[in-house]
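J.: starting from these lines, generate the structure:
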Amino acid sequence: MDYFYPVRSVVYQPQDKGVASEIIERLLIDMGHHVDTTDSHEQAVDLLRADLTDLLIIDGDVPGCSGAARLLDELQPSDLPRQIAVFSSNIDEASHHLRHRVSPERLHVFIKPLHLHGLLNVLKHLQEENRAGAVA
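T.: Okay, here's the model as predicted:
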């Protein structure tokens, strides 16, 4: 029998909540995943420190990749999520800092307009890891 292994996600929207953020949140919930949404840096840090997080999604250009870098710099290695998806309108130098802070296998930078197919691939990978961890 094939079991479903939900992913715990934190969606961090550092600017006004927009359509892309609502689509991401609805997609994850409809797929049966646990989603915590926050619009403040402090809340995001608190959520990530409180419980093991499978996926952190950062949607926003202001501060975009630099905001993600600042957020991750405040966390201990044990608080880092298993996977990180950043949606941005451009790749900036802060994305290079992110690559040094987090292994490239864990970091996914998607250029807007939102590429949901890429996010679905990240979710599929996390579910497979969750299933393998539950079996072991």
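J.: for stretch 111-121, what is the distance to the chain centroid?
T.: 12 Å (C-alpha atoms, centre = their mean, to the nearest Å).
J.: just the endpoints, please. Distance across that stretch?
T.: 15 Å (C-alpha to C-alpha, to the nearest Å).
J.: biggest helix in this protein, by residue count?
T.: Looking across the chain with DSSP state H, the single longest helix is helix 116-135.
J.: mind listing what's buried in it?
T.: Neighbour counts over helix 116-135 (16 or more other C-beta atoms under 10 Å) mark 119, 122-123, 125-127, 130 as buried. (Each C-beta comes from the backbone N, C-alpha and C, glycine too.)
J.: can you check stretch 6-16 too?
T.: Quick answer for stretch 6-16 (16+ other C-beta under 10 Å): 7-14.
J.: now, these that are in strands?
T.: Judged by DSSP state E, strands contain the following of those: 8-12.
J.: can you name the next helix or strand after the helix or strand bottoming out on mean pLDDT in the chain?
T.: Ranked by mean pLDDT, DSSP states H and E, the weakest helix or strand in the chain is helix 93-101, scoring a mean of 71. Per DSSP states H and E, the first helix or strand lying C-terminal to helix 93-101 is strand 107-111.
J.: nearest to Asp30 among the ones in strands among the buried residues of stretch 6-16?
T.: Ser9 (12.7 Å; C-beta to C-beta).
J.: isn't the closest one right up against Ile57?
T.: Yes - Ser9 lies in contact with Ile57 (C-beta atoms under 8 Å); the separation is 6.3 Å.
J.: what touches both of the two?
T.: With contacts defined as C-beta atoms under 8 Å, 6 or more residues apart in numbering, no residue is shared by Ser9 and Ile57.
J.: could you give the mean pLDDT of stretch 49-58?
T.: Across stretch 49-58, the average pLDDT comes to 88.
J.: which parts of that stretch are buried?
T.: Neighbour-count burial for stretch 49-58 [16+ other C-beta under 10 Å]: 53-58.
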